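> Pasted the sequence and its predicted model underneath.
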Amino acid sequence: MQVNKIEGTFNVTDAKIGIIVSRWNSFITERLLEGAVDTLKRHGVDETHIDAVYCPGSFEIPLITSKLAETGKYNALICLGVVIRGSTPHFDFVAGTASRGISDVMLKYQIPVGFGVLTTDTIEQAIERAGTKAGNKGGEAAMTVLEMISLYGEID
Ligand code: DLZ
């Protein structure tokens, strides 16, 4: 194929990253944070260039993400939370507000935002996605923002 291929790399070592961490289900969100930070460090991001900002629950993630984006200090943001259907009667409101709000911030401020908010039926499924048998979604969100920072820089 003769197309001009434009794609990102994972080589953005000078990046400054803000991570928004929901304290609800914190024993899981802390594992997501470890996964995200570990992935960023493995790809050369200096730990001192990573800020972790804690908010009460996933419902509050969009507001804090928006505030951090507004500062202009970060190359990318990563949102980490856990919303469990079985234990959250208003699952759809919390999960829907978080996902819609996060994507709104991404588009409004033109900044890559990694979506590391788990939405699961059970707590076991959440644990599986936070560093046990289904990988670590915090780490995956970190990989995504590294690629997106690079890709975004390729497009003028
Ligand atoms: C209230 C609540 C409930 C029941 N469940 C969750 C959840 O599973 N995951 C989560 O991140 N947050 C939950 N919250 C808290 C809300 O996100 C929010 O912090 C409160 O409703 C206060 O605005």
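Ah, there it is.
> show me the residues around the closest residue to residue 70 other than its chain neighbours that make contact.
Of all residues not flanking residue 70 in the chain, residue 109 sits nearest, at 6.9 Å (Cβ to Cβ, 6 or more residues apart in numbering). Heads up, the C-betas are built off the backbone N, CA and C, glycines and all. Residue 109 makes contact with 66, 69, 70, according to Cβ atoms under 8 Å, 6 or more residues apart in numbering.
> Filter these down to the buried ones.
66, 69 (16 or more other Cβ atoms under 10 Å).
> Which members of the contacts of residue 109 occur in helices, if any?
Counting by DSSP state H, the contacts of residue 109 place 66, 69, 70 in helices.
> Output those residues in JSON lines; the columns should cover distance to the ligand and pLDDT.
Below are the ones in helices among the contacts of residue 109 laid out as JSON lines (distance: Cβ to the nearest ligand atom, whole Å; pLDDT from 0 to 100):
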{"residue": "66", "distance to the ligand": "16", "pLDDT": "98"}
{"residue": "69", "distance to the ligand": "20", "pLDDT": "98"}
{"residue": "70", "distance to the ligand": "21", "pLDDT": "98"}
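> any chance of the residues you listed in CSV, plus distance to residue 19?
Listed next are these as CSV, based on distance: Cβ to Cβ, whole Å:
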residue, distance to residue 19
66, 15
69, 13
70, 16
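> closest to residue 29 among the residues you listed?
Proximity of the ones in helices among the contacts of residue 109 to residue 29 was ranked by Cβ to Cβ; the top entry is residue 66 with 19.2 Å.
> hang on, isn't that closest one packed against residue 105?
Yes - taking contacts as Cβ atoms under 8 Å, residue 66 lies within contact range of residue 105: 4.8 Å.
> Show me which residues of the worst-scoring helix or strand of the chain on mean pLDDT are buried.
Lowest by mean pLDDT, DSSP states H and E among the helices and strands of the chain is strand 130-132, with a mean of 92. Burial within strand 130-132, assessed by neighbour count using 16+ other Cβ under 10 Å, is assigned to 130, 131.
> Touching the next helix or strand after it from outside, list them.
Sequence order places strand 135-136 as the next helix or strand after strand 130-132, per DSSP states H and E. Strand 135-136 is contacted from outside by 31, 32, 34, 35, 129, 130, using Cβ under 8 Å, 6+ apart.
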